[in-house]
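A.B. asks: here is the input, now give the coordinates:
(chains A, B, C and D, ligands or ions: 4)
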Amino acid sequence: SAQSGKVAMLLPGSINDQSWNAAGYAGLQKLKAQGMEVAYSENVQAADHIEAMKDYARRGFSPIIGHSGRFLSAAQRVGPEFEKTFFLVGSGSGGAKNVISIDIANEQFGYLVGVLAGRMTKTGKVGAVAGLEGLPNMIASMGGFRLGVKSVKPEAEVRVVYLQSMEDPAAAKEAAFSLIAAGADVVAGKLNAGHAGLIQAAKEKGVWATGRSLGHTAIAPERVLTNINEKWDEVYVAAVGDLKGGKITGGYHAYGYHTPAARGADLQYNEQRGFNTAVPAAVATEIEGLKKKMASGELKVKPTKDDARGGA
Amino acid sequence: MIEDILAASVRIGTPLLFAALGGLLSERAGVFAVGLEGMMLAGAFAGVIATWLTSSLGLGLVASAAGGMALALVVVIATQRYGADQMVTGLAVNILALGLTSFLLRGFGARGEAPVLRVPTLAPWPIPWLADLPVLGAVLFRQPPLTYAGIVLALGVAVWLARTRAGLTLRAAGENPYAVFAGGTDPVRVRALAIVACGAIAGLGGAVLSLQQVGTFTDGMTNGRGYIALAAIIVGRWRPMAALAACVVFGAADALQLRVQGFRLPVSSYVIQMTPYLVALAVLAGVGRSARLPAAIGVPLLRERK
Amino acid sequence: MTATITRGLTGVGAALAIAALLVLSSGKNPLVAYEALAQGAFGSPDRIAVALNKVAPYLLTALGVALCFRARVINIGGEGQIALGGLGAAWVALTIPAAPPVVLVVLSALAGAVAGAMWAGLAALIRLTRGVHEVLVTLLLNFVGVLLVAEALHGDLGEPGAGFPQSPLLERGAWLPKLVKGTDLHVGIVIAIVAVFVVHRVLWHTPFGFRLRVRGASEKAAAYAGIDMHRSFMGVMLISGALAGLAGAIDVLGVHYRLIEGFSSGFGFTAVSIALIGGLSPLGVLPAALFFGFLETGALAMQRAVGVPSPLVSVIQGLTMVFVLAAIALGGARRRV
Amino acid sequence: MLEMRGIEKSFGAVRANRGIDVSIPAGRIVGLLGENGSGKTTLMNVLFGMVRADAGTITFDGRPLVHHTPHDAIAAGIGMIHQHFMLVPAMTVAENVMLGWEDAGAWLRHDAVAQRIAETSTAYGLDLDPHAVVGALSLGAQQRVEIVKALLRGARLLVLDEPTSNLSPPEVARLLPVLRKLRAEGRSVVFISHKLQEVLDLCDEVIVLRDGAVAGACPVAGATRETLATMMVGRELPPPLARVETTPGREVLIVSDLRALDDAGVERLHGVSFSVRAGEVFALAGVDGNGQAELADVIGGLREAMHGSISIDGDDVTHATVTRRLRAGLAHVPADRATTGLVSAMTIAENLALRESDAPPFRRGPWLDLAATRALADERIAAYGVRAEGGDALVATLSGGNQQKVILARELGRRPALLLAAQPTRGLDPGATRFVIDQVLALRAEGAAVLYISTELEEVMAVADRIGVMFGGRLVGVVSRDDADLTTLGLMMAGAA
Ligand SMILES: Nc1ncnc2c1ncn2[C@@H]1O[C@H](COP(=O)(O)OP(=O)(O)OP(=O)(O)O)[C@@H](O)[C@H]1O
Ligand SMILES: Nc1ncnc2c1ncn2[C@@H]1O[C@H](COP(=O)(O)OP(=O)(O)OP(=O)(O)O)[C@@H](O)[C@H]1O
Ligand SMILES: [Mg+2]
Ligand SMILES: [Mg+2]
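C.D. replies: Ligands and ions are numbered 1, 2, ... in the order given. Reported below is the predicted structural model:
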């Protein structure tokens, strides 16, 4: 019964963060629009992961989506007890049988933003602000970013600063300021509610920034180059569809340019365009080219932990 | 470099400063200010809502103060009217504020979903001539209005506490409320007013975050700053200017932490993030003098009720 | 006693009444919501098991806090001490996975207690040798302790490739035994309740407990009574740290079966609240902890079942705390020390 | 000037005031007498608006005072100096005076107020430094702060609740003229005291309370200590215990060249040496603040000795813990009974165990022996005549005299080799004072050594075999009881001999 018609989602934060949780919630809304019964819990603390999953499982929800890698542990705990229920972990990193991790190909999007940053920087210094150093998806994003920058400007300096909380916009703003003070003229990153602070910093200091949702363009239309607009709605719809079709089972599935049905995310400036008009056409074209290479498998980005290291 | 770090210290320290000044008033009057976190959050929230509704940052600031005061009133009623324990009441209103702001925010969106309310931020007001001073100009005189307000407020609170009869009464309420009563003033009223003032000022501290630094409200955006402000009060030994210094030092530790991360160090970001706290501990341990709490802090006033 | 309970219940009632208005304003039926809350807390053995598992670490930590506050040692470092307890337990469980099951779980739990005690002892040491007020030391060490767990999970203790900072799953031998088949109820609650009676006994029936009470009632009288203020400070901090550390260990060994970043988030302050609402008496802490555990469990279940907005859970919790406190305080009975 | 009619006040089951009528004429000093717990403080608290009466009316200067607060009382011209001073120890004299005083200005006029404090204290001979921190002042000086406060606020009726309990004779000698001067200015004074001689010297008339009711009132002219005492107690006091002749034995306490600092780090004890023999009472007289408090603390183990040595029964305890001193045979009745000698939120039984919870009978095995403790409490309550419901009564609910008895029961009950008693009769009514002195003498008769520290010369003369006088942190002279007379002792205490 992969398809009970009832989908539940657990979110680690608030659905109005314009970022990670909002994207997940959008996915749930899309499933609802397709006629499914949905339920969700926000701000689910580590202490309550297992209990919440079991509760939904008992009440017949399937799949149960944990919208963060932090739900994987609980899913692996609960999964064997509820063999007929599917557990989808967004941004997870593994699984077996009815526990399935899906993620967007962070390394691809990080890499493309890196290329963009490398092309746009005048000072030869770019920076990024992120959280949770060392997690696979952070390694993918930040490592991909550094590799992307270096691929077009090997001599460029890439600084990454990690924060304790991904939900603290004021702290993110200060982190961005510290990068800008060190000479960075493009700031990227991967934060949740905190990301707005990063954009705000770029706006005030007049440097380029990349966002994580179209909402970020709205904060500083003139400073945002593009956003890694994560399409968790498409991902979840695709994943639920794939589940029904039996196309995915336990393990890790990444959505990116190599999965044309649901690419997981895209670089978007607004509904109409991919990039800020300030981005030279040549650069945009270059990036489009890279996307194609990724789609064909010709370009595979494989960041290491060291690529995602903090500091320069 | 030094200029950049100092300016960052002042920025990071500003919201802490407001909260610390408010908390200092409350604690000098004899009431633990554990609720600072919630008061800041309420202020941050009310400021954004009011600014969004009225398009006026001025009204937003007023609302911030009012938001903090509203939560402070809960503390007043629970602790002063009913004699509830100050520390738990503080913790309780922090939880309450976290939930209530998030809940009310949803009231502004369709279908109970939280909207994104974006408001303009308070722009820096460079002070003519002074702003062009080397180093000092960037650090002190090219700041947004609430930063100036914070510094002026610290001075004001210091002078008010030391030089006015009202300030004297407030301090006495924290040392020996019965002496205040015997002197002809109702210490419960003094404490109540101090808590309300604390709420207003801490609320403005929230506005520093939401209206001056970020331009929006997100759930729990104070992120523990109220507790750091409590630490700043103790480090500053309940004196306004010393608390200001403590806030700047905390700011500096954080600013340094971010900049140190920018270099390539052989340790992880988690270790570097510990440094502000370790530095604070090391400095305090180095100074090695114990702090004396206001003598009657936390002591409920047990008076006959008729 | 019964009067206190009556007043406490009145407080709960008032809080729920106000929260009902908020539920109503979010377009849900408060009666349905509260029914779900009750069901979520007490509706089945399984629900009760979940709540009791929640109660165990609260209870242990709050006991330590109560002892400290009694002795007028303001230890608000529960959060950090729990974190270190979890870390210690996980470290031992992962270091000697081949040990026989009973040995493994006992050693791991002990390691948690020791780690928590050491963390509290460090705070006490800084207080005693450098005169930095314990409120400040314990508060700051909370932040450091939580980051230490993150650092450990980032390093050797972390599960390679995990999607979140967490350790590998612990060996089965390190899992706390279950109490009731078919539910998740583990022995933590038994340990915690035993601790209640032990701490009660210590506080009211031993010279050590007597000294703690004297020390808390009057520092001058304590000096006059020949009580070594430094030793009793260190003593009560170590005990309280050990209890909090044990709480952390129990959560890791009984609920998660691994160390997870943020597993202790918010426990420390909740424990302070429980200790104070429980009147700083071990026997009073027990109902207070039960109340918190069941309220939280019920409220979270209510969110899932009825779909009331999640912030309402915090609102209900905050309101209930304020009202219960005020209601109990209004009784105004002077507490014996 | 003041009329109080039918004042009723109960605290729970305790009827502290039961229908009290008093009237205070203008320009008179009226003594208010009564045993501990007879309702004096309560009556005055009602007058000042600190507590609200259950029934009764108050008229001051022809105007009724209804539901008034201290603020109204002060405004009407009533000043009160509380038994427990209402001062903020962490603040300066000037700050304390300015607290709640409108004339201090919304913006505090520090200098002007300091000036006025200086003037007033000169005019009344009060000798106060406006910039001194109150917590560092002697109790006498703190009391002068209270008086200055009341005078500056223009009090026309001044209530002093046991103003002399904490003062040394010279300090008392300085206070009384101040009060007479106030009377000469046409103000009235209500003077509460347990010291009948003072009352006879100072007052124009007395009102005596017993069990919350007026037991009598009379002009001082014609009254004697005996008649007043009889009025207070309702019966005649037995004669004091006779001193038995003892031959002083071995040296139990030897103190040599002791020096110590006070809390502020100032040296207050500049090398004091003496010894006390078994069966002997050695009394230390002296004005408060001349090092006696520090000396008592150092011997009791509450303060570190900077230099010198202390031995008890041959045991060097200079740096020993309190516990070791207890084992060496020390008993200590501290001057500050409320917060040092007792834990007021604990029961009588627990307070008896306070210093020996680790030893039998309070402890059995690893546990506290609560039954034995309670039994001991009942026994001591009976033996020492503590008026309480039983061993489980909270000390906070006892009157001051009964609290003191609990301390004595604990300390004397241990049959000590050495008793260190600091100001043991402070604030006690004549009956309770007599009890304490009797106990000390009984202990002496049993062969204990007693170091008796007091500011009361009369009391010192009654108990001591030898009398030493402390001045400026030194022992300035030791005289035997037979050679002592009040005048020379008084001169020595003033540093003049
Ligand atoms: N706040 C209170 N609560 C309960 N009982 C009280 C309170 N204040 C006074 N009492 C009781 O009222 C009675 C009168 O007390 P009060 O302090 O007036 O006596 P007093 O005459 O001043 O005694 P003393 O000579 O010891 O100062 C006592 O029995 C006392 O225990
Ligand atoms: N909770 C209480 N219950 C009953 N009586 C109380 C309580 N608190 C205080 N009292 C009474 O209040 C009275 C007034 O307190 P106060 O400190 O003036 O004592 P006092 O008898 O005047 O002693 P002293 O003059 O030696 O200080 C005390 O005698 C005590 O009996
Ligand atoms: Mg009295
Ligand atoms: Mg008295």
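
A.B. asks: in chain A, which spans are helices?
C.D. replies: A:20-33, A:49-58, A:72-78, A:106-120, A:136-138, A:144-152, A:169-181, A:195-205, A:214-219, A:232-244, A:281-296 (DSSP state H).

A.B. asks: just want the angle from the fourth one to helix A:144-152.
C.D. replies: The one in question is helix A:106-120. 40 degrees (axes from the mean of the first three to the mean of the last three C-alpha atoms, to 10 degrees).

A.B. asks: same deal with the second one?
C.D. replies: Here helix A:49-58 points in a direction 100 degrees away from that of helix A:144-152 (the same axes, to 10 degrees).

A.B. asks: in helix A:49-58, which residues are buried?
C.D. replies: When burial is assessed from 16 or more other C-beta atoms under 10 Å in any protein chain shown, helix A:49-58 yields the following buried residues: A:49-57. Every residue, glycine included, has its C-beta placed from N, CA and C.

A.B. asks: the last one now?
C.D. replies: Along helix A:281-296, the positions that meet the burial threshold by neighbour count (16+ other C-beta under 10 Å) are A:283-284, A:287, A:290-291, A:294-295.

A.B. asks: by contact count, what packs against it?
C.D. replies: Contacts defined by 3 or more C-beta pairs under 8 Å, 6 or more residues apart in numbering or on different chains; DSSP states H and E place helix A:281-296 against helix A:106-120.

A.B. asks: any low-confidence regions in the stretch 151-300 of chain C?
C.D. replies: Within the stretch 151-300 of chain C, no stretch has pLDDT under 70.

A.B. asks: leaving out sequence neighbours, find the closest residue to the closest residue to chain B within it.
C.D. replies: Nearest to chain B in the stretch 151-300 of chain C, going by C-beta to the nearest C-beta, is residue C:151, at a distance of 4.0 Å. Spatial nearest neighbour of residue C:151, excluding adjacent residues (C-beta to C-beta, 6 or more residues apart in numbering or on different chains): residue B:270 at 4.0 Å.

A.B. asks: give me the element the one you found is part of.
C.D. replies: For residue B:270, the element it lies in under DSSP states H and E is helix B:269-287.

A.B. asks: quick check, the residue nearest to residue C:151 in contact with residue C:145.
C.D. replies: No - at 11.7 Å, residue B:270 does not count as touching residue C:145 under the criterion of C-beta atoms under 8 Å.

A.B. asks: how about residue C:76, what does it touch?
C.D. replies: C:65, C:135, C:138-139, C:142, C:268-269, C:272 (C-beta atoms under 8 Å, 6 or more residues apart in numbering or on different chains).

A.B. asks: the strands in the stretch 351-497 of chain D, which residues?
C.D. replies: D:363-364, D:367-368, D:418-422, D:449-454, D:466-471, D:474-480 (DSSP state E, counting those that start in this stretch).

A.B. asks: and the longest one with strand D:466-471, angle?
C.D. replies: Using the same axes, to 10 degrees, the direction of strand D:474-480 lies 160 degrees away from that of strand D:466-471.

A.B. asks: closest residue of chain A to ligand 4?
C.D. replies: Per C-beta to the ion, residue A:47 is where chain A lies closest to ligand 4, at 55.2 Å.

A.B. asks: dump the residue contacts of that residue.
C.D. replies: C:54, C:251, C:255, C:263, C:265, C:267.

A.B. asks: would you format those residues as JSON lines with neighbour count, distance to chain D and secondary structure included?
C.D. replies: Conversion of the contacts of residue A:47 to JSON lines gives the following (neighbours: other C-beta atoms under 10 Å in any protein chain shown; distance: C-beta to the nearest C-beta, whole Å; DSSP: H, G, I helix; E, B strand; the rest coil):
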{"residue": "C:54", "neighbour count": "28", "distance to chain D": "33", "secondary structure": "helix"}
{"residue": "C:251", "neighbour count": "30", "distance to chain D": "31", "secondary structure": "helix"}
{"residue": "C:255", "neighbour count": "28", "distance to chain D": "34", "secondary structure": "helix"}
{"residue": "C:263", "neighbour count": "25", "distance to chain D": "36", "secondary structure": "coil"}
{"residue": "C:265", "neighbour count": "15", "distance to chain D": "36", "secondary structure": "coil"}
{"residue": "C:267", "neighbour count": "26", "distance to chain D": "30", "secondary structure": "helix"}
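
A.B. asks: that concludes my questions; thank you for your assistance.
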